[in-house]
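# Pasting a predicted model and its sequence here:
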Amino acid sequence: MHLDIKITALAKGVLDDLVAHGGKVYFVGGCVRDRLLNRDYKDIDVEVHHLQYEELIEILSKHGHVHTFGASFAVVHLDELKDYEFALPRTETKIGERHQDFVVHVRPDLDLKLACARRDFTINAMMCDYETGEVHDFYGGLTDLKNGILREVNPKHFGEDPLRILRAATFISRYMLRPASSLEKQCRQMCEAHSLESLSIERIYDEYSRILMGTQPSLGLNFIKNVHGLPKYLEDLVHTIQRADFHPEGSVWNHTLLVVDLCANIKEETSWPLAFMWSALLHDIGKPKVTTPEGHAYNHHLAGVEVFKDVESIQDKKMRRYVSMMIKQHMTLMVLAKGSRPIKYLRLLKEIDGIVPLNDLIWISRCDKMGRGYIASRQIEAFNEWINAMIETYGDHAPAPLVTGKDLIEAQITDHKRYKELLDQAYEWQLEGLNKEQIIRRVKRER
C-alpha cells in the first residue's frame, strides 16, 4: 500500500535536505493512522534513519531554530515547523516502576521492524516511506484499523508503561474501537498490580481529558471500568443503584455514561468544552454518599460538591470553580421549570455569574434529563419553552447591582466590615423589585 502524507512546502524542503545528506525519512505514528482513516491530522512525526544525532541537528539548523531534548532522547523540534517532530530510531529499556523510568538507546541504523516494536498499539506502529509513499506494517495495524480493533504491539513491553492503560481508553473513545481480549487482559493485570498509582496527577488528568474529548467517551470509560482501573469516586458510581421508575438505565455509572455521550455531541456549543465534559462526568459523584436503600438521593448535588473537593485530577482553579458550580446546579433549572417564582431564576443567574454561563448549564440540564434510558422529549420541549421565556423576559445574565459600595459611602455608612453583607441584602431587595432609593432607605434602617 502507498500513502500520500500532506506536508507544507517548507517541510518538503527540510525532508529533501535530510534525504540529500543520506538520511532515510519515514512518517510514523498518528499521521499515518489518521491519513489511512481519511481524518484530519495536525502533528506529523518524522523518523530519520542512517544519520547521527549531530548530523540531524546540523541539517535542521539550516532551516531555522532547533530545540533539542538531549542526545539521549534523539528528538528535535524546529521552530519553523511547529507541528513536526524529528527523531532518530531508538529502543527503550525499563529501569524503574514509574512511567518515565526508561533508558533510551539511539540506533540510527535500526531495522525497521524493530524500530516499530517500541510503539504501543498496532494502529500506531505503521510507517510511511517519505520518498515512495510505501506503508510498512509489520504488526497488522492496517487490519486492526479496518476491523476497529485496538491491539498491543508487544505484550511483553506493553506492561512496562502504565500510562498505556489510559492511552488505550483514549484511542477507544476517539476512534470507537474494541479492545483485543489480550489487551484487556493485560491492562486488567496491570491495574490489579496497582500500576496506575505510579502515574502523576497531571498525566491522569491529561488522558482523562482526551477520553472525554473523544467521539464516544463512554467506550473509553467503560474500558477503564472493565480493567478495574477507575478511581474510587468513579468506581462508587458503578455500585450505586438508582430508582428504576426514574432511572431504568440502572446504576449511576450507566446514567453517567449516557450523559457524557450526549454531552460529547454538543460540547462545542458550550463556552468551555473540556470543563463542560468534566462536569458531565462528575455531575452525580455525590449520589453514592447519600443514596438510600430505596434509591432516593436527596441533596446529592450538595454532596457532590463536597466529594469533588477530594478529586485531585483537576488542578486549574478556574476549572474547579466551573465544575463545582455545575455539580451544584445541574438540577436547578429543571426543578425551576416545574413552577417557581422568577426571583429564583434571577438568584440562580447571580450565583453562577462569572463562573458558568447559563447556556452551559442549560445544556447539561438537558443531557442529564435525557440520559435516563428513556425518551424525555416532552419534558425537554416543556423545559425549552420555559427557559426561552425566562431568557426573553429576564435575560441570561445577572442584572447589574443598583447599589454599590460607593453608594454606601455616600449614604454615610461607615461600618466597612458589613459592606458585603449589606450589598448582598441590597441585591436581594433589588431582585424583589425595589428601586435604588427604596433599597438605600432599607439598608440604613436595617443597619
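Cool, got the structure. Numbers count the residues shown, from 1 in each chain.

# so where's the chain uncertain?
70-72, 93-102, 375, 447 (pLDDT under 70).

# just so I have it, where are all the strands in it?
Taking DSSP state E, the strands of the chain run over residues 24-28, 44-49, 66-68, 75-78, 81-87, 90-94, 102-106, 127-129, 135-136, 149-150, 178-179.

# Figure out which of those strands is closest to residue 195.
Evaluated over the strands of the chain, closeness to residue 195 peaks at strand 90-94, with 12.1 Å, by C-beta to C-beta. For glycine as for every other residue, the C-beta is placed from the backbone atoms N, C-alpha and C.

# Name the residue closest to the centre of this structure, please.
The centroid of the chain falls nearest to residue 209 when counting by C-alpha atoms, centre = their mean (2.0 Å).

# With adjacent residues omitted, what lies nearest to that residue?
Once flanking residues are discounted, residue 209 sits nearest to residue 274: 5.8 Å by C-beta to C-beta, 6 or more residues apart in numbering.

# And for residue 207?
residue 166 (3.7 Å).

# show me the contacts for residue 287.
If a contact means C-beta atoms under 8 Å, 6 or more residues apart in numbering, then residue 287 has 237, 240, 242, 252, 297, 300, 303, 304 as its contacts.

# cool, residue 380 as well?
Residue 380 neighbours (C-beta under 8 Å, 6+ apart): 366, 369, 370.

# What of residue 334?
Residue 334 neighbours (C-beta under 8 Å, 6+ apart): 365, 368, 369, 383.

# if I read this right, the last one contacts residue 336, doesn't it?
Meaning residue 383. No - when contacts are counted by C-beta atoms under 8 Å, residue 383 is not listed as touching residue 336 (9.6 Å).

# Tell me, how many residues neighbour the closest residue to residue 278 other than its chain neighbours?
In this structure, residue 278 finds its nearest non-sequential neighbour in residue 323, 5.3 Å apart by C-beta to C-beta, 6+ apart. Using other C-beta atoms under 10 Å, the number of residues around residue 323 comes to 28.

# what do you get for residue 110?
20.

# what's the neighbour count on the nearest residue in space to it that is not next to it in sequence?
Computed as C-beta to C-beta, 6+ apart, the closest residue to residue 110 that is not its neighbour in sequence is residue 89, at 4.0 Å. Other residues within reach of residue 89, judged by other C-beta under 10 Å, total 25.

# cool, and residue 416?
11.

# Return the distance of it relative to residue 445.
19 Å (C-beta to C-beta, to the nearest Å).

# what do you get for residue 421?
15 Å.

# more neighbours, the two?
Legend: neighbour count by other C-beta under 10 Å for residue 421 and residue 445, higher for residue 421 (12 against 7).

# so what's the more buried one up against?
Neighbours of residue 421 in contact, by C-beta under 8 Å, 6+ apart: none.

# And for residue 123?
Residue 123 touches 33, 141, 144, 145, 150, 151, 171, 175, counting by C-beta under 8 Å, 6+ apart.

# what about 6 Å?
For residue 123, the contact set (C-beta atoms under 6 Å, 6 or more residues apart in numbering) comprises 33, 141, 144, 145.

# Disregarding residues adjacent in the polypeptide, which is nearest to the second one?
Distances taken as C-beta to C-beta, 6+ apart put residue 122 closest to residue 141, at 3.9 Å, once the chain neighbours are dropped.

# just the first one next, same as before
Closest residue to residue 33 in three dimensions, ignoring its sequence neighbours and counting by C-beta to C-beta, 6+ apart: residue 123, at 5.2 Å.

# Can you tell me how far the one you found is from residue 147?
10 Å.

# now residue 421
Using C-beta to C-beta, residue 421 is found at 65 Å from residue 147.

# Same question for residue 391.
From residue 391 to residue 147 the distance is 48 Å (C-beta to C-beta).

# cool, residue 139 as well?
For residue 139, the distance to residue 147 equals 14 Å [C-beta to C-beta].

# Over to residue 425?
65 Å.

# neighbour count winner among the two?
residue 425 (17 against 12).

# What is the neighbour count of the residue nearest to residue 141?
Residue 122: 26 neighbours (other C-beta under 10 Å).

# So what's the gap between the lengthiest helix in the chain and the chain middle?
Counting residues, the longest helix found in the chain (DSSP state H) is helix 377-394. Here helix 377-394 is found 29 Å from its chain centre; the criterion is C-alpha atoms, centre = their mean, to the nearest Å.

# Give me the buried positions along it.
379, 383, 386, 387, 390, 394 (16 or more other C-beta atoms under 10 Å).

# which residues does the third one contact?
Going by C-beta under 6 Å, 6+ apart, residue 386 touches residue 337.

# next one: the second one
Residue 383 sits next to residue 337 when contact means C-beta under 6 Å, 6+ apart.

# roughly how far apart are it and residue 362?
Taking C-beta to C-beta, one finds residue 383 at 9 Å from residue 362.

# which of the residues in stretch 407-420 are buried?
407, 408, 413.

# what's the closest of those to residue 353?
Using C-beta to C-beta, those come closest to residue 353 at residue 407, 19.5 Å.

# For the closest one, which non-adjacent residue is closest in space?
residue 440 (6.4 Å).

# go on, residue 235?
residue 225 (7.6 Å).

# tally of neighbours for that neighbour?
Neighbours of residue 225 (other C-beta under 10 Å): 18.

# Please apply the same query to residue 338.
10.

# show me what contacts it?
Counting by C-beta under 6 Å, 6+ apart, there are no residues that residue 338 touches.

# Please report how far it lies from residue 301.
On the measure of C-beta to C-beta, residue 338 and residue 301 end up 16 Å apart.

# now do residue 44
Taken as C-beta to C-beta, the span from residue 44 to residue 301 is 45 Å.

# Give me the distance between the residue nearest to residue 435 when sequence neighbours are not counted and residue 418.
Distance criterion C-beta to C-beta, 6+ apart; nearest residue to residue 435, sequence neighbours excluded, is residue 402 at 7.2 Å. In this view, residue 402 and residue 418 are 18 Å apart by C-beta to C-beta.

# Pull the number of nearby residues for the closest residue to residue 88 other than its chain neighbours.
Excluding the flanking residues, the one nearest residue 88 by C-beta to C-beta, 6+ apart is residue 74, at 3.9 Å. When neighbours are counted by other C-beta under 10 Å, residue 74 registers 23.

# so who does residue 74 touch?
Per C-beta under 6 Å, 6+ apart, neighbours of residue 74: 53, 87, 88, 90, 106.
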